[in-house]
Each structure stands twice: as C-alpha cells, then as structure tokens.
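Novice: Build the 3D model from these lines:
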Amino acid sequence: MGTVIYGRILQMKKNYKTYLMMFILPIIFSYVFLYSGTDNSKIKIPVADQDETVLTKQFIYEMNQSESYKMVIMENNEVLRLVEEGSVQLGIILPKGFANQVANGEETTIQLVTIKDTSDIISFQSVLASTFQKMIGKYQITNTALLAFQQIGEDINMSSLEQRFSQLLNEKWEHAMPMEVVSTILDEKTSFEYDPRLQTPFGFMLFFSMYTVIYSIGEMLNDRKYGIWDRLIHSPLSKLQIYMGNFVYSFMVSFIQIALIILTGRFLLGFNFGDNIWIVFSIIALYIFAIMALGMLLVSFVKTTQQLQAIVPIIAVSNAMLGGAYWPIEIVTSKILLTISKFVPITYAMKAVKDAVLYHQGWDALVLPGSTLLFIGIILMGLGMYWIERKVA
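Specialist: Here you go, the predicted structure:
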C-alpha cells in the first residue's frame, strides 16, 4: 500500500498545478462573491450625529451591518440639503440627548428627514426599528453584566470590561441571534437561518473539492492505460492493498487541501466557521469518502482520463446546484428537485455544517447527515469496485 501511495505522490509533483488551482479557486470565488462591490451595491443614507456618543456610534455601526444600507456621516445642514434637492430619499438625524434617553429608559427620538413616504422608506423604517432594538438589547445585556460586577465589589476596570463585553456581544450575536423569524405562506411553515459568510465559502469549497477527489481517483485510468495496473496485479501486493493505496492517497490529498482552504479562509479572509471546527473537519472527512466512492463509480464506467475530465464538470456543477452549494436548499420549492437532492452528497455536507455552525447542535449535527454520507459511500464504492473487477476480468 505504501508503494502505491509513494508512486501517486511522485505523479502529483508532475500535476501540481491542478491541485494548486483547486486550492486557489474556492478562496478567490468566495472573496469575489462576498466582498466585491458590497459597498457600491448599498443604498447610502446620510446621517447627522449631533450627540456624538458611544451609543450613537454603536447605532451607526449596527446600521452598517445591514446588507442594503450604508450610513454616511455628515453635518446636519448637509443632510437637509441633500434631501431637499432630491439627491437622496431620506436622511437621519440623531439628536442631542440620544444616549441619555436610552440610558434612562425614556422614549428615544430618531429624526427621519424625508419629503414623502414611499415603499422604500417604509422598508427602511423596518430595518431602522429592528436595528435599534438590537442595539438596545446589547446595551441592556452589557449594563446588567457590569452592574453584577459592581455588586461583587471587586477592583475591576469597568471601562475595559465594558469594551470586552461589547466585543464579545458583537462576535457571538452573529451566529446566535436571540430571535428566530418564522414565515408562514399558504399554510406552509418554513424557517431557516441564512449566512452568506458560511454558505458561499463552504459551498464553493465542496464544489471545487469534487474535482480534486475524483481526478485523484482517476489516476487509476492512467495505470490501466500504461500497463501499470497489470504490473501491480502481478506484484506481491494484494488487490485490497492496491485499492487502499489509491483510497488513502486520494483522501489524504483532498483532506489536506480542504483543511488548508478552511484555515486560510478563517485566519486570513475572515470566513467564520464558528467554534465547532472539529465537527466541520469530521463532516469534510465523510464527504470526501462519499465523493471518492462516486469517483470510483465513474472510473468503472469510463475508459480514459479524457472521458473522465469531460464528465466530471457536469457531475460537479449539477451536484452543487442540487445540493445547495450555490444557494440555500431551503429556498427551493420544487418537490422533484428536493427529492433528487436527497441522493446528492453535498446536500448532507451542507446540512451538517449549517446545523453545527448556525444552530450550534454540536456532534448531534453529524449523526444523520454523517451516517447518510457513509451509507452512500459504501454503496457507490462497492458498485465501483465490482464494475472495475468485471472490466479488468
């Protein structure tokens, strides 16, 4: 088995450009889809901050987290002028005393400057109200925690402690919202959480990794073409050792590649996979096994690497579309497509990672999707090896 793995590693040195490309492309696509043109696509809203306090700055920060709006700080007269000229539909004025009103639990005033009400302004008011409630929630949590520390009577730097609480709230609030939005349409109740910063990088990673996994298994076709397979069969190696050598090599290369993508995205590009990173790696391991089995099945049917290279893009793209790698599977309404998706490995990998990262299910998230991936892998692997043996015989 070690001899087969060593031979594959030597071959990889000749084809390193393919593996390098499969490492770079998921990161590039994820970065482009997530960050390219984000600010340009947002509606700019002029804001006059007359209070200039920590709370008003926090409110502007929260508003800028919206996917649709970008707050631009201006002077009060400039905001009024832009609205009067019709350059913008609306503007915001945060008056003096804003922070005191929030701190004292009084009715808080946010001045919305506009000429006439439109559907866009009504939509913005909804975002404004929800953002304000989110900020108030964070403020109350921080104040309650600080009050508890004050009552303990310890000598603590309250200013640094407040900053630390705010930092933790901003980090944890992202994947642990205290409220779940449930929509009901025509008596059909659906609810799901969508985070493009998880969906996009993980979806592209699973998609491009299919090429690496299947092409590495496809090296067996070159062995048959150049007579290497026959020499291996007549060597002291058993067939099990030959197959296992190919499987271990394919798994090792693919897993290392995906692990590097995850770590690069997390520490250099800010892709957040949550605290359950070991669960994510376990999901990846099971997914690679299932795709290896799919590759084995494809290798059993095609005759040359050229045929494999022609069919893999079709398989990979269709699997990514059906399995929810490009967009959330929850938005798909076609029962036919949803039924087909149940036979696609990417579906279960995406579900498991969402359950682990977005819904914090821990290792429970791995049970059903993981066992399904394992079952798919065993079935496809068995069929692939059976057809290869029949073809060789």
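
Novice: my read: residue 128 touches residue 110, true?
Specialist: Yes. With contacts counted by C-beta atoms under 8 Å, residue 128 reaches residue 110, the gap being 7.0 Å. (C-beta placed from N, C-alpha, C; glycine too.)

Novice: what about the two, which has more around it?
Specialist: residue 128 (20 against 16; other C-beta atoms under 10 Å).

Novice: where's that one, which helix or strand?
Specialist: Using DSSP states H and E, residue 128 sits within helix 119-152.

Novice: from the chain's centre, how far out does that helix sit?
Specialist: Taking the mean of its C-alpha atoms, helix 119-152 sits 27 Å from the chain's own mean (C-alpha atoms, centre = their mean, to the nearest Å).

Novice: quick one, strands of the stretch 101-250 of the chain?
Specialist: Here the stretch 101-250 of the chain has its strands, by DSSP state E, counting those that start in this stretch, at 111-114, 183-185, 188-190.

Novice: So residue 88 lies in a strand, does it not?
Specialist: No. The assignment for residue 88 (DSSP: H, G, I helix; E, B strand; the rest coil) gives coil, which keeps it out of a strand.

Novice: Could you check how far the closest residue to residue 291 other than its chain neighbours is from residue 342?
Specialist: The shortest distance from residue 291 to any non-neighbouring residue, by C-beta to C-beta, 6 or more residues apart in numbering, is to residue 213 (4.3 Å). According to C-beta to C-beta, to the nearest Å, residue 213 stands 21 Å off from residue 342.

Novice: I figured residue 260 was touching residue 26, is that so?
Specialist: No. Judged on C-beta under 8 Å, residue 260 makes no contact with residue 26 at a distance of 10.4 Å.

Novice: more neighbours, those two?
Specialist: Applying other C-beta under 10 Å to residue 260 and residue 26 shows that residue 26 carries more neighbours, namely 25 against 12.

Novice: Next, the contact list for that one, please.
Specialist: 201, 204, 205, 207, 208, 209, 261 (C-beta atoms under 8 Å, 6 or more residues apart in numbering).

Novice: Going by distance to residue 385, which of those wins?
Specialist: residue 209 (22.0 Å; C-beta to C-beta).

Novice: Could you report the pLDDT at the closest one?
Specialist: At residue 209, the model reports a pLDDT of 83.

Novice: ok, residues contacting stretch 371-383?
Specialist: Against stretch 371-383 from outside (C-beta under 8 Å, 6+ apart): 286-287, 289-290, 292-294, 296-297, 300, 343, 345, 348-349.

Novice: Ok, stretch 315-322 next?
Specialist: Residues contacting stretch 315-322 (C-beta under 8 Å, 6+ apart): 203, 206-207, 210-211, 214, 294, 298, 325-326, 337, 340-341, 344-347.

Novice: try 6 Å this time
Specialist: Residues outside stretch 315-322 that contact it (C-beta atoms under 6 Å, 6 or more residues apart in numbering) are 207, 210, 326, 340, 341, 344, 346.

Novice: quick one: least confident of those residues?
Specialist: Minimum confidence in these sits at residue 326, scoring 82.

Novice: Report how many residues lie close to residue 98.
Specialist: Residue 98 - counted by other C-beta under 10 Å - has 21 other residues nearby.

Novice: and if you look at residue 296?
Specialist: 26.

Novice: In contact with it, which residues are there?
Specialist: Counting by C-beta under 6 Å, 6+ apart, the residues that residue 296 touches are 217, 381, 384.

Novice: average model confidence for the one helix or strand the second one maps to?
Specialist: Spelled out, it's residue 381. Using DSSP H and E, residue 381 sits in helix 367-392. Averaging pLDDT along helix 367-392 gives 85.
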